[in-house]
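[1] Sequence and computational prediction follow.
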Amino acid sequence: MQLPDAEELLIKLTEQMRPHVRPSTCLVGIYTGGVWLAERLAMALSLEQAVGSIDVSFYRDDYGRGAPLRRDLRRSNIPFEVEGANIVIVDDVLYTGRTLRAALNELFDYGRPARVDLAVLADRGGRELPIAARFCAAEIPIAMGQNLQLERDAEERLTLSLIEPK
């Protein structure tokens, strides 16, 4: 399967978002790929707020139920006032919706935003929860068992990879 160029998808996502964000819009990236994207989007959209980051590991509904715990746990960092803010949560790939649900749960621990939207580079289908992205650069149907992964090289160029089941 030929995957689209992640850098081109980022440009497309930026242009989708541009008419809908203000300089005061806040971005929160979900570790790891969502943070990379949020940082690039904030620069491209000339946003005033620092980018926030969330590690949803302990907020997932499958935590402790056999789901593997990431070894690179990170501390969430929300460097702005969440109460009353317009926030866009940014993730690389939307799949079941469980990661976003966990991100919303954690975000609301910081306060009650005025609005929360979701921006993703790719939607791979397979939703288990009624969640949709307001901003989505591409729909890429992926077979069960396969994973779509965003990677970043030393020059910070983004690429999408298809990870086959073992």
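    Nice, I can see it. What you see is a predicted model, and the numbers here were worked out from it, not measured in a lab.

[2] How about the backbone phi and psi for Tyr110?
    Reported as degrees, to the nearest 10, the phi and psi values for Tyr110 are phi -90, psi -20.

[3] sorry, that was for Arg115
    Given degrees, to the nearest 10, the pair of backbone angles that Arg115 has is phi -150, psi 140.

[4] That one: what's it in contact with?
    Shown in contact with Arg115 (C-beta atoms under 8 Å, 6 or more residues apart in numbering): Asn86, Ile87. In short, each C-beta sits where N, CA and C put it, glycine included.

[5] so how far is stretch 139-159 from its chain's centroid?
    13 Å (C-alpha atoms, centre = their mean, to the nearest Å).

[6] And stretch 12-32, by the same measure?
    Distance, centroid of stretch 12-32 to centroid of chain: 11 Å (C-alpha atoms, centre = their mean).

[7] CA atoms only: put that stretch into CSV for me.
    Taking C-alpha atoms only, stretch 12-32 is exported to CSV below (Å, rounded to 0.1, in the frame of the first residue of the first chain):
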residue,chain,number,x,y,z
LYS,A,12,-3.4,20.1,4.0
LEU,A,13,-4.3,19.9,7.8
THR,A,14,-2.9,23.4,8.3
GLU,A,15,-5.0,24.8,5.5
GLN,A,16,-8.1,23.1,6.8
MET,A,17,-7.6,24.6,10.2
ARG,A,18,-6.5,28.1,9.2
PRO,A,19,-10.0,29.6,8.7
HIS,A,20,-11.2,28.2,12.1
VAL,A,21,-8.4,29.1,14.5
ARG,A,22,-7.5,32.4,16.1
PRO,A,23,-4.1,33.5,17.5
SER,A,24,-5.5,32.6,20.9
THR,A,25,-6.4,29.0,20.0
CYS,A,26,-4.6,26.5,22.1
LEU,A,27,-3.1,23.2,20.8
VAL,A,28,-2.6,20.1,22.9
GLY,A,29,-0.7,17.3,21.3
ILE,A,30,-1.0,13.7,22.4
TYR,A,31,2.4,12.0,22.9
THR,A,32,4.3,11.4,20.7
